[in-house]
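Q: fold the following for me, if possible:
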Amino acid sequence: MAESMAGSFGILVEQHRELEALLERLDTETDPEELRVQQEAFCRLLRLHSRLEERHVYPLVTRVEGRARAREEAEDHLTLRELLEELQELTPGGAEWQARLFTLQDLVVAHVQATEHLLLPRLATSLDSGELEDLEHDLALTYEELLERSQRTPASGRGALLEALHWDA
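A: Here you go, the predicted structure:
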């Protein structure tokens, strides 16, 4: 079962590793320009990752664990989005920025732990192999679609990216 779970949710787990790596770089980078580049990469990936979860994982959470549980997940994403937007308004490397980054790190780490060790295994055991295959396929398609859409958006056009990858609450 663990193997099929990793396959079905592989894109999400892979993105968790990328988010952790980007947070690590943001935490250690000192060059202001490189900080901006890393921050933009982190923000893009977190938006894309959240959109994937909202489109494909939340409906499963609602079905398997109920609406209240899905609402909790949505509230976590809303908190992440608000912090992300605050982070982008601040000067990278500054004290306030650092404080937001630490909070974001804590939330992302908590999200990764809860998702990989609790949520995804519970969902995987609730789905049959056909549903898991469909999920893997749907996640891959949506990922490609969102990635293509985000790459058509200029890096400086943060507002446009937010439009393209809107967050469902």
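
Q: show me the contacts for residue 142.
A: 51, 52, 55, 56 (C-beta atoms under 8 Å, 6 or more residues apart in numbering). Quick note: C-beta positions are derived from backbone N, CA and C, even for glycine.

Q: tell me how many other residues crowd the residue nearest to residue 11 when sequence neighbours are not counted.
A: Nearest residue to residue 11 in three dimensions, chain neighbours excluded: residue 139, at 5.0 Å (C-beta to C-beta, 6 or more residues apart in numbering). When counting by other C-beta atoms under 10 Å, one arrives at 20 neighbours for residue 139.

Q: check which helix or strand covers residue 139.
A: helix 129-151 (DSSP states H and E).

Q: residues of that helix that come out buried?
A: Using 16 or more other C-beta atoms under 10 Å as the test for burial, helix 129-151 gives 132, 135, 136, 139, 142, 143, 146, 150.

Q: over to stretch 48-62?
A: 48, 49, 50, 51, 52, 53, 54, 56, 57, 58, 60, 61.

Q: possible to save these as a markdown table with secondary structure, distance to residue 30 and pLDDT?
A: Shown next, in a markdown table, are the buried residues of stretch 48-62 (DSSP: H, G, I helix; E, B strand; the rest coil; distance: C-beta to C-beta, whole Å; pLDDT from 0 to 100):
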| residue | secondary structure | distance to residue 30 | pLDDT |
| --- | --- | --- | --- |
| 48 | helix | 27 | 93 |
| 49 | helix | 26 | 94 |
| 50 | helix | 28 | 93 |
| 51 | helix | 31 | 93 |
| 52 | helix | 32 | 94 |
| 53 | helix | 32 | 95 |
| 54 | helix | 34 | 93 |
| 56 | helix | 38 | 95 |
| 57 | helix | 36 | 94 |
| 58 | helix | 38 | 94 |
| 60 | helix | 42 | 94 |
| 61 | helix | 40 | 95 |
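
Q: between these, which is closest to residue 19?
A: residue 49 (6.7 Å; C-beta to C-beta).

Q: how close does that closest one get to residue 62?
A: Distance, residue 49 to residue 62, using C-beta to C-beta, to the nearest Å: 19 Å.

Q: what does residue 91 give?
A: For residue 91 relative to residue 62 (C-beta to C-beta), the value is 40 Å.
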